[in-house]
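Undergrad: Structural data only, the sequence is not supplied:
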């Protein structure tokens, strides 16, 4: 029986467990509590300005008590309207000598406005509220109705805005951190996908180069062996031997590619060494065995190159010679490898023959290749900051030339 080792997720803070509907119900309860308390304070324990008639004062204060308390229930839906109604009612009751202090009625809608609006708008709101309350206090003092703590709401509004603005800033900060984390995760996923695509393209190029070259050579040698099997058995045996060696080499390279595909992070699968320029002679010999006269010329200061660069040069020559085997097998071909100061130039020139030009169903333009091979060669050259050009010759041949950088390769 499997035992789960995953630790349970921590519970959120107590206040964050409430749903939006529950918070609205809490606002309804707060509004009802303050409304009941205000009316009880008005009718059960009345305190009125000195000299004011009881009936007039009670009838005048009751609507403003309700106007200051009931809108609190709707502060989440209409925070600005609630603030206007509550602020007006608190200011009027302050002028009439009954500020409802210390009930924090002005704090609740002002808190909602500060959280739901940008800082500039919330600053304007608190300035307006403070101005109205200050005017109410001044008027109450001037007419002699300043009873109780008439300045309580004035300082309460400032403290409420400061607390709400701090909470809003912290929420924006945390939201920004979450957005940055999500953006990093998105970029990491895109980078992983890009790496997978690039790896697939690299594997596809390797498979294409190995299979296309080997099968082309095998097809030519098999055809030669079949034609001379009865008349020239020695040459047929040589063709079959070439088929065997080419097949073994292809299988070995395929095992290497498949080993990379099957290997996990902790696996140690033995793979064959990747080909480099040291294997160029063996490649040329296989092409010569297929009946293609190939000459190799190396110029410049020969030096060791990065493994990936040598593999790229090898594959470009291999693909170009594969096209020679496919289209102009009997034409002479020259491979030039020129070591420059910070570049290396490789050129495969196939002179072509009139027979090859006549056999081509689409003309000389098909010699350089237009399928996956030419795309793979171009991608390999670009990976080392180089360029690749193909030119079809009038005699049915073609030229493939690539110039790759050997320094500061990104």
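TA: Cool, got the structure. Keep in mind that this is a model prediction, so the values were computed, not measured.
Undergrad: In terms of secondary structure, what does whichever strand or helix holds residue 390 contact?
TA: Under the criterion of DSSP states H and E, residue 390 resides in strand 387-392. In this structure, strand 387-392 makes packing contacts with helix 372-382, strand 398-405, judged by 3 or more Cβ pairs under 8 Å, 6 or more residues apart in numbering; DSSP states H and E. Where C-beta positions appear, they are placed from N, C-alpha and C, glycine not excepted.
Undergrad: helix or strand for the spatially most central residue of the chain, which one?
TA: Centroid-nearest residue in the chain, with Cα atoms, centre = their mean: residue 187, separated by 2.7 Å. Taking DSSP H and E as the definition, residue 187 sits inside helix 152-228.
Undergrad: Now do that helix: distance to the chain's middle.
TA: Distance, stretch centre to chain centre, for helix 152-228: 5 Å (Cα atoms, centre = their mean, to the nearest Å).
Undergrad: Where do the domain boundaries of the chain fall?
TA: Domain segmentation of the chain under automatic domain parsing yields 17-150, 292-410.
Undergrad: Quick one: mean pLDDT for the shortest one?
TA: Okay, so that is domain 292-410. For domain 292-410, mean pLDDT rounds to 76.
Undergrad: What of the longest one?
TA: Mean pLDDT, taken over the full extent of domain 17-150, equals 81.
Undergrad: now that domain: how far from the chain's centre is it?
TA: Domain 17-150 sits 50 Å away from the centroid of its parent chain (Cα atoms, centre = their mean).
Undergrad: just to revisit the earlier point, and the angle from the helix holding residue 187 to helix 372-382?
TA: Orientation note: helix 152-228 sits at an angle of 130 degrees relative to helix 372-382 (axes from the mean of the first three to the mean of the last three Cα atoms, to 10 degrees).
Undergrad: which other helices and strands contact helix 152-228?
TA: helix 107-116, helix 119-143, helix 233-262, helix 280-289, helix 307-327, helix 372-382.
Undergrad: could the ones you listed go into JSON lines alongside mean neighbour count and distance to residue 156?
TA: Formatted as JSON lines, the helices and strands packed on helix 152-228 follow (neighbours: other Cβ atoms under 10 Å; distance: least, Cβ to Cβ, whole Å):
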{"stretch": "helix 107-116", "mean neighbour count": "22", "distance to residue 156": "6"}
{"stretch": "helix 119-143", "mean neighbour count": "16", "distance to residue 156": "9"}
{"stretch": "helix 233-262", "mean neighbour count": "16", "distance to residue 156": "70"}
{"stretch": "helix 280-289", "mean neighbour count": "17", "distance to residue 156": "87"}
{"stretch": "helix 307-327", "mean neighbour count": "22", "distance to residue 156": "71"}
{"stretch": "helix 372-382", "mean neighbour count": "19", "distance to residue 156": "68"}
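Undergrad: To residue 405, which of these lies closest?
TA: For the helices and strands packed on helix 152-228, distance to residue 405 was read as Cβ to Cβ. The smallest value, 8.7 Å, belongs to helix 307-327.
Undergrad: Tell me the first helix or strand C-terminal of the closest one.
TA: Using DSSP H and E, the first helix or strand after helix 307-327 is strand 333-339.
Undergrad: Next, the angle helix 280-289 makes with that next one.
TA: Going by the same axes, to 10 degrees, strand 333-339 makes 170 degrees with helix 280-289.
Undergrad: Can you tell me what sits against strand 333-339?
TA: Applying Cβ atoms under 8 Å, 6 or more residues apart in numbering, the contact partners of strand 333-339 are 277, 280, 284, 287, 292-303, 313, 317, 320-321, 324, 344-351.
Undergrad: Can you say which of the residues you listed are buried?
TA: 277, 280, 284, 287, 292, 294, 313, 317, 320-321, 324, 344-351 (16 or more other Cβ atoms under 10 Å).
Undergrad: And for the nearest residue to residue 350 once chain neighbours are set aside, the neighbour number?
TA: Of all residues not flanking residue 350 in the chain, residue 397 sits nearest, at 4.1 Å (Cβ to Cβ, 6 or more residues apart in numbering). By other Cβ atoms under 10 Å, 24 other residues sit near residue 397.
Undergrad: Would you agree residue 397 is in contact with residue 348?
TA: No - using Cβ atoms under 8 Å, residue 397 makes no contact with residue 348, being 10.1 Å away.
Undergrad: Distance of residue 283 relative to residue 350?
TA: 15 Å (Cβ to Cβ, to the nearest Å).
Undergrad: try residue 304
TA: Applying Cβ to Cβ, the value for residue 304 to residue 350 is 29 Å.
Undergrad: Also residue 105?
TA: With Cβ to Cβ as the criterion, residue 105 and residue 350 are 93 Å apart.
Undergrad: can you check residue 197 too?
TA: 33 Å.
Undergrad: ditto for residue 339
TA: 23 Å.
Undergrad: Next: residue 124.
TA: Applying Cβ to Cβ to residue 124 and residue 350 gives a distance of 80 Å.
Undergrad: what do you get for residue 200?
TA: Counting by Cβ to Cβ, the gap from residue 200 to residue 350 is 31 Å.
Undergrad: List the contacts of residue 401.
TA: Counting by Cβ under 8 Å, 6+ apart, residue 401 has contacts 345, 346, 347, 348, 388, 389, 390, 391.
Undergrad: just residue 117 next, same as before
TA: Residue 117 neighbours (Cβ under 8 Å, 6+ apart): 79, 80, 125.
Undergrad: Let's have these in JSON lines, adding distance to residue 177.
TA: Formatted as JSON lines, the contacts of residue 117 follow (distance: Cβ to Cβ, whole Å):
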{"residue": "79", "distance to residue 177": "26"}
{"residue": "80", "distance to residue 177": "29"}
{"residue": "125", "distance to residue 177": "28"}
